[in-house]
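Asks: The following block contains a protein sequence and its predicted model.
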Amino acid sequence: MHTEAHIREALRDCYDPEIPLNILDLGLLQSITLTEDSDAPGAGIPGVPPRFRAAITLIPTTPDESQQAQLAAQIQNRLAGIEALFSTSVQFADTPQWTPARITPDGRRILKLDQPAFPILNNRAR
């Protein structure tokens, strides 16, 4: 079975449509819920491994429904490659609202948010 950690790692390949950073480093992931799917092909047959439904809840960066639909499709396509998952649903939470404070330290480094506005050049201020 693929664990929540495997799904999280796969979600690192999914990027917000507006901000060039993966959804985990942006802090968009609110929750992952896995439930065994009794309707999946082969369910209940001895020797057939169980398959699961994944419910992903995100905090969107924008209320734009077309961008949310694009992100949901990207996630569903990426997680379709995980054999243990039979289906994936993506929901967007109304609260809490996303703010840049949710960005991880790695994400802040990638987006260069913590660099000084006027870097020191050649070890001296100009």
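Replies: Nice, thanks for sending it over.

Asks: Please identify the buried residues of the helix or strand hosting T88?
Replies: In this assignment (DSSP states H and E), T88 forms part of strand 85-92. Buried residues in strand 85-92, counted by 16 or more other Cβ atoms under 10 Å: 85-86, 88, 90, 92. Every C-beta, even on glycine, is put in place using the N, C-alpha and C of the backbone.

Asks: Same list, those, but as JSON lines with distance to K112 and pLDDT please.
Replies: JSON lines is the format used below for those (distance: Cβ to Cβ, whole Å; pLDDT from 0 to 100):
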{"residue": "L85", "distance to K112": "35", "pLDDT": "89"}
{"residue": "F86", "distance to K112": "40", "pLDDT": "87"}
{"residue": "T88", "distance to K112": "32", "pLDDT": "95"}
{"residue": "V90", "distance to K112": "29", "pLDDT": "98"}
{"residue": "F92", "distance to K112": "27", "pLDDT": "97"}
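
Asks: and those, which two are the farthest apart?
Replies: Spanning the widest gap among the buried residues of strand 85-92 are F86 and F92, at 21.9 Å by Cβ to Cβ.

Asks: end to end, how far does stretch 94-110 reach?
Replies: End-to-end distance of stretch 94-110: 27 Å, with Cα to Cα, to the nearest Å as the criterion.

Asks: any idea of the mean pLDDT in that stretch?
Replies: The predicted model assigns stretch 94-110 a mean pLDDT of 93.

Asks: same deal with stretch 60-79?
Replies: Stretch 60-79 shows an average pLDDT of 95 in the prediction.

Asks: chain center to the longest helix anywhere in the chain: distance?
Replies: Taking DSSP state H as the assignment, the helix of the chain that covers the most residues is helix 65-79. Distance, stretch centre to chain centre, for helix 65-79: 10 Å (Cα atoms, centre = their mean, to the nearest Å).
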